[in-house]
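K.L.:
with the input below, show me the fold.
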Amino acid sequence: MLSPDGLGLLSVVERLLQCTQGLAPFLDLLLALLVEHTKAERGLLLLPGADGELAVAAMRALDPALLETPAFQVSRGLVGEAARRREPVLVRDALDDARYRDRQSVVQSRLRSALVVPLVLERRAVGVLYLDNTSITRCFNEVDQRLLVAFARLVAGPLDQSVRLERRGAADPGARPPGFDAIVGQSRAVRDLLAQVARLAPSDLPVVILGESGAGKELVARALHGAGPRAGGPFQAESCSALPDALVKSLLCGHERGAFSGAEEARPGLFELACGGTLLLDDADAMTEAVQVELLRVLQEGEVRRLGAARPRRVRVRVVCATRRPLDELVAEGALREDLFYRLNVLPLRVPPLRERREDVPLLLAHFAASRGAGALSFSPAALRLLGAHEWPGNVRQLENEVRRLAALLPPGSVVEPADLDPALRGQAVEEGLPLGEGGTLKDATEALERRMIARALARAHGNRALAARLLGLSRSGLHLKLQRYGLE
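P.N.:
Reported below is the predicted structural model:
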């Protein structure tokens, strides 16, 4: 077990990985934290260079000139041994260790204690952490070794991703990680989202994606998968609302032939199908107790047992949950197990609604028009103002559906005017540059306000007139008369 101080250190490191714009400026800080915590005298962090060989990325209390001298030979040998074996190397007293005491470099460097831990990702060493002390024997122990191994597991993915992104950027400054091109937008909200995705992608830790319906949570999940080390593995997505309790075990964990009536052949479950990749559980706020039990077991044990199987199977899956409601609210309501909450809510990620990135609306319109074969479809300034001012309760999906409707109804080459838009959009005359009335009279302004409120209520009610009438405090017949009056029928 790690000490409370060790757990606190890992918590600090985890927050750094989530919050920084890039890892390189913080390598010295991360190394300094470890040196101070373990009472090491010196430290090195080595990562692959341009030629693939390990090179120093950060150092602590070490003269760079020393690295090339014969006195540092044994230390380089320890680094190579740890990388080659992909296992930690602990030297308690080099002068009393039969493996090293006869080496001249040990005497020259005055090396006494050393702890070397490889950063292993997918069975390959993507870096090495080296700590030593030239004056204290037995400076490091098994507790220090466990701490550094836990640290290595935490940072191996992000550091490897940082190296790969740096190389890709040097080769092609405009390149984006796989999956990022599907997220259309240049707003600050989108740029911040993609930067956070790039930081979280290399980790194997669970991610909770919070966002409104239609905001693009699955696209973000696919970007997480495509930008990380599991990009070559499978991506499986399933809605929790589509998992009936009677079939949860079979759907998630699979079954063997004859496990139940109708099981004529063995079938893997979602966890096995996603092994080596990512499993997206959409609508996580609809998880039943049965789903939660199976998910918690897999997260805790890293294995599944098919229905009718005698032995469990190991699975390596990154679990990503998409939800419209914060998970802590579900815990407070008793709808989500608290122990599962702490397993899942490790790396939260929020997808901004479209109303928080209105400047992306023209880009999205062009993207959807082109994807629908309606590239010649354009929008007048008045139509763009209406679309940009709309609240979009259905977010990007609602905008895409509007473009689909326009592409189906209008001939190629058409210029979309406000009159062509859906009535719920057409009725939203907003103060930002849109006229409230022809004459600007109080009556005109009142009618414009009524049109706007009716349109918003219809949008919130997704076209359900009975619900829209209740939201407005009207009867259904009263709403019907106003729809006729304002041409919103």
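K.L.:
for this protein, where's the lowest mean pLDDT among helices and strands?
P.N.:
When the helices and strands of the chain are scored by mean pLDDT, DSSP states H and E, helix 4-19 comes last with a mean of 55.
K.L.:
quick check: next helix or strand after that one?
P.N.:
Downstream of helix 4-19, the first helix or strand assigned by DSSP states H and E is helix 27-38.
K.L.:
adjacent strands (with direction) for the following helix or strand past that next one?
P.N.:
Where DSSP H and E defines the elements, the next helix or strand beyond helix 27-38 is strand 42-48. Next to strand 42-48 in the sheet, as set by DSSP bridges, lie strand 54-60 (antiparallel), strand 124-133 (antiparallel).
K.L.:
now do strand 42-48: distance to the chain's middle.
P.N.:
Put simply, strand 42-48 sits 28 Å off its chain's centre (CA atoms, centre = their mean, to the nearest Å).
K.L.:
mind saving the C-alpha coords of that strand as PDB?
P.N.:
Presented in PDB, the C-alpha positions along strand 42-48 are these (Å, rounded to 0.1, in the frame of the first residue of the first chain):
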ATOM      1  CA  ARG A  42      19.500  13.600  -8.100                       C
ATOM      2  CA  GLY A  43      17.000  12.600 -10.700                       C
ATOM      3  CA  LEU A  44      16.500  12.100 -14.400                       C
ATOM      4  CA  LEU A  45      13.500  11.600 -16.700                       C
ATOM      5  CA  LEU A  46      14.300  10.100 -20.000                       C
ATOM      6  CA  LEU A  47      11.900  10.000 -23.000                       C
ATOM      7  CA  PRO A  48      12.400   8.800 -26.600                       C
END
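K.L.:
list the contacts of that strand.
P.N.:
By CB atoms under 8 Å, 6 or more residues apart in numbering, the surrounding residues in contact with strand 42-48 are 27, 30-32, 34-35, 54-62, 79, 126-134, 159, 163. Quick note: C-beta positions are derived from backbone N, CA and C, even for glycine.
K.L.:
would you format the strands paired with strand 42-48 as a markdown table with distance to residue 386 and mean neighbour count included?
P.N.:
Formatted as a markdown table, the strands paired with strand 42-48 follow (distance: least, CB to CB, whole Å; neighbours: other CB atoms under 10 Å):
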| stretch | distance to residue 386 | mean neighbour count |
| --- | --- | --- |
| strand 54-60 | 52 | 17 |
| strand 124-133 | 51 | 23 |
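K.L.:
would CSV of the ones you listed with distance to residue 463 and mean pLDDT be doable?
P.N.:
Output for the strands paired with strand 42-48, formatted as CSV (distance: least, CB to CB, whole Å; pLDDT from 0 to 100):
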stretch, distance to residue 463, mean pLDDT
strand 54-60, 57, 87
strand 124-133, 52, 92
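K.L.:
and residue 252, which of those strands is closest to it?
P.N.:
strand 124-133 (30.0 Å; CB to CB).
K.L.:
angle of that closest one against helix 27-38?
P.N.:
Interaxial angle of strand 124-133 relative to helix 27-38 (axes from the mean of the first three to the mean of the last three CA atoms, to 10 degrees): 50 degrees.
K.L.:
start and end of stretch 29-49, how far apart?
P.N.:
By CA to CA, to the nearest Å, the extent of stretch 29-49 from end to end equals 20 Å.
K.L.:
rounded mean pLDDT for it, please.
P.N.:
Taken as a whole, stretch 29-49 carries a mean pLDDT of 85.
K.L.:
ranges for the strands of the stretch 351-489 of the chain?
P.N.:
Using DSSP state E, counting those that start in this stretch, the strands found in the stretch 351-489 of the chain span residues 378-379, 415-416.
K.L.:
buried deepest among those, which one?
P.N.:
By mean neighbour count, with neighbours taken as mean count of other CB atoms under 10 Å, strand 378-379 ranks first of those at a mean of 20.
K.L.:
can you give the contact residues for that strand?
P.N.:
Against strand 378-379 from outside (CB under 8 Å, 6+ apart): 362, 365, 387, 414-416.
K.L.:
put together TSV for those, with distance to residue 142 and pLDDT on each row.
P.N.:
Listed next are these as TSV, based on distance: CB to CB, whole Å; pLDDT from 0 to 100:
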residue	distance to residue 142	pLDDT
362	60	90
365	60	91
387	62	90
414	73	83
415	73	86
416	69	89
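K.L.:
still on that earlier bit, for residue 397, find the nearest of the strands paired with strand 42-48.
P.N.:
Closest of the strands paired with strand 42-48 to residue 397 is strand 124-133, at 38.3 Å (criterion: CB to CB).
K.L.:
what strand or helix carries residue 205?
P.N.:
Short version: residue 205 belongs to no helix or strand, going by DSSP H and E.
K.L.:
ok, it to residue 349 distance?
P.N.:
According to CB to CB, to the nearest Å, residue 205 stands 11 Å off from residue 349.
K.L.:
who has more neighbours, these two?
P.N.:
Taking other CB atoms under 10 Å, residue 205 and residue 349 do not tie; residue 349 has more neighbours (21 against 18).
K.L.:
report the secondary structure state of the more buried one.
P.N.:
Here residue 349 is strand, with the state taken from DSSP: H, G, I helix; E, B strand; the rest coil.
K.L.:
so it makes contact with residue 200?
P.N.:
Yes: between residue 349 and residue 200 there is a contact at 6.6 Å, judged by CB atoms under 8 Å.
K.L.:
shared neighbours, the two?
P.N.:
207, 224.
K.L.:
tell me the buried residues in stretch 185-194?
P.N.:
Under the neighbour-count criterion of 16 or more other CB atoms under 10 Å, stretch 185-194 has 185, 187, 189-190, 193-194 buried.
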